[in-house]
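Engineer: predicted model, plus sequence, below.
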Amino acid sequence: MKRLMLTGPGAMRWEEHPEPVLSGPGQALVRPVALATCDIDPAVLRGAFPLPGPYPFGHEGVAEVVEIGPEVRAVAVGDLVVVPFQISCGACRACARGRTGNCVSHPRLSSFGLGAMGGLDWGGLWADLALVPHADAMLVRLPSGVDPAAVASASDNIPDAYRSVGPQLADDPAAEALVIGGPAAPSIGLYAAGLAVALGSARVVYLDDSGRRLDIAKSLGAEAIEGPRDARVGRFPIVVEAAGGAKALRGAIDATAYDGWCTSVSVQAQDVALPLFGMYTRCCTFHTGRAHVRPVIPEVLDLVAAGRFDPSLVTTATVPWEDSMEALLETPMKLVAVR
């Protein structure tokens, strides 16, 4: 089979590789049909994120099930499924608590398509076939009528955005939300704005200095405000920091209201001093870290199927599978490749 390898900043190649085979009764083989870039991928290709190659590329996508083991019950051959990027068994204590990104049945951070950080043994999803080790626990069937290309990022970036607004709005319905958008996690910030609108936030403000991202935020139903990432636009019960850097993080915390939640979905490469006394006095809840994506994928798909959230508005380039390597090297914000 063919698979796509990232070999270094600005360098990729297709290579021939032996097809994976089932080696356990609970496994499945899937054929990716719609793949998306994660917000990390363009940064890696530009040399701005420390994830050197070579490694099998790709960890977001929808696939068709082509073979299952005898114990698989949740999916069947021919089903279209979202493949979570994190490897999770579904049975350990962490998985039972919904912490599927920290499954203890495998080495920490095990995932598709993230090189040494996620473990090289899992391969990448930008390939003709991929082996899913825990089919019943991991795979999520696509609802009828949902376009695979629209939800290709349901493996990672869309659930990452959901965790920053979904539980908060369930706890405090209609709470107002602020998203500080930017280059670090651009699509996650936009997904967060759109999901907050879909989940009934009374007001969703999207702050950014990019005209293109501001236009996308408007199309998602958010109130778009152009300005620097630390601009004061009020205080909000829900704040999402997706811009990256100390200025954005401090701005997000300063914008968090009393008893509010502030979630940083960007990766901070260096330590940032936090205004802990102000956070203490306002009872500010701050969260950062990798998202546990598998438990919320069905909720995301239900919103799409109901017509309440359209993630395709965030996609900035769509190409045929055979043209994907060239398109990837141009590092668009959100690329989807289909076949």
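Structural biologist: It's in.
Engineer: same for whatever helix or strand Phe286 lives in, what does it pack against?
Structural biologist: Following DSSP states H and E, one finds Phe286 within strand 285-288. Applying 3 or more C-beta pairs under 8 Å, 6 or more residues apart in numbering; DSSP states H and E, one finds that strand 285-288 contacts strand 256-264. Yep, even glycine has a C-beta here, placed from its N, CA and C like the rest.
Engineer: who's in contact with the next helix or strand after the strand it packs on?
Structural biologist: The helix or strand immediately downstream of strand 256-264 is helix 276-281, counting by DSSP H and E. Outside helix 276-281, the residues that touch it by C-beta atoms under 8 Å, 6 or more residues apart in numbering are 253-254, 256, 284, 286.
Engineer: redo those residues as TSV? Include pLDDT and distance to Gly278.
Structural biologist: Output for these, formatted as TSV (pLDDT from 0 to 100; distance: C-beta to C-beta, whole Å):
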residue	pLDDT	distance to Gly278
Ile253	97	7
Asp254	97	7
Thr256	98	9
Cys284	97	8
Phe286	98	11
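Engineer: tell me the one of those nearest Arg229?
Structural biologist: The closest of the contacts of helix 276-281 to Arg229 turns out to be Asp254 (C-beta to C-beta; 11.3 Å).
Engineer: which two in the contacts of helix 276-281 are spaced the farthest apart?
Structural biologist: Within these, Asp254 and Phe286 form the most distant pair, 11.8 Å apart (C-beta to C-beta).
Engineer: need the residues touching each of those two.
Structural biologist: Contacts common to Asp254 and Phe286, judged by C-beta under 8 Å, 6+ apart, are absent.
Engineer: still on that earlier bit, which strands and helices sit next to the helix or strand that comes right after the strand holding Phe286?
Structural biologist: Beyond strand 285-288 in the direction of the C-terminus, DSSP H and E gives the next helix or strand as helix 297-305. Under the contact criterion of 3+ C-beta pairs under 8 Å, 6+ apart, helix 297-305 touches strand 140-141, helix 157-171, helix 186-198.
Engineer: of all the ones you listed, which lies closest to Pro332?
Structural biologist: When these are compared (using C-beta to C-beta), the closest one is helix 186-198, at 10.3 Å.
Engineer: what comes up buried for that closest one?
Structural biologist: 186-198 (16 or more other C-beta atoms under 10 Å).
Engineer: kindly indicate which of those residues lies nearest Ala34.
Structural biologist: Ser187 (15.2 Å).
Engineer: for Val66, see how far away that closest one is.
Structural biologist: 29 Å (C-beta to C-beta, to the nearest Å).
Engineer: quick check: Ala154 is in a helix.
Structural biologist: Yes. Per DSSP: H, G, I helix; E, B strand; the rest coil, Ala154 lies within a helix segment.
Engineer: ok now do the nearest residue to it once chain neighbours are set aside, which residues does it touch?
Structural biologist: Nearest non-adjacent residue to Ala154, counting by C-beta to C-beta, 6 or more residues apart in numbering: Val82, 4.6 Å away. Counting by C-beta under 8 Å, 6+ apart, Val82 touches 61-62, 139-140, 142, 151, 154-155, 297, 301.
Engineer: go on, Pro298?
Structural biologist: Val140.
Engineer: format the buried residues of helix 186-198 as TSV; extra columns: pLDDT and distance to Met333.
Structural biologist: As requested, those are exported to TSV (pLDDT from 0 to 100; distance: C-beta to C-beta, whole Å):
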residue	pLDDT	distance to Met333
Pro186	98	5
Ser187	98	6
Ile188	98	11
Gly189	98	11
Leu190	99	9
Tyr191	99	12
Ala192	99	15
Ala193	99	14
Gly194	98	15
Leu195	99	17
Ala196	99	20
Val197	98	20
Ala198	98	21
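Engineer: so which residue of the protein lies furthest out from the middle?
Structural biologist: Thr281 (32.3 Å; C-alpha atoms, centre = their mean).
Engineer: check the gap between that residue and Ile180 for me.
Structural biologist: Taken as C-beta to C-beta, the span from Thr281 to Ile180 is 22 Å.
Engineer: of the buried residues of helix 186-198, closest to Ile87?
Structural biologist: Ile188 (20.9 Å).
Engineer: these two touch, right, the closest one and Asp160?
Structural biologist: Yes. Using C-beta atoms under 8 Å, Ile188 is in contact with Asp160, at 5.1 Å.
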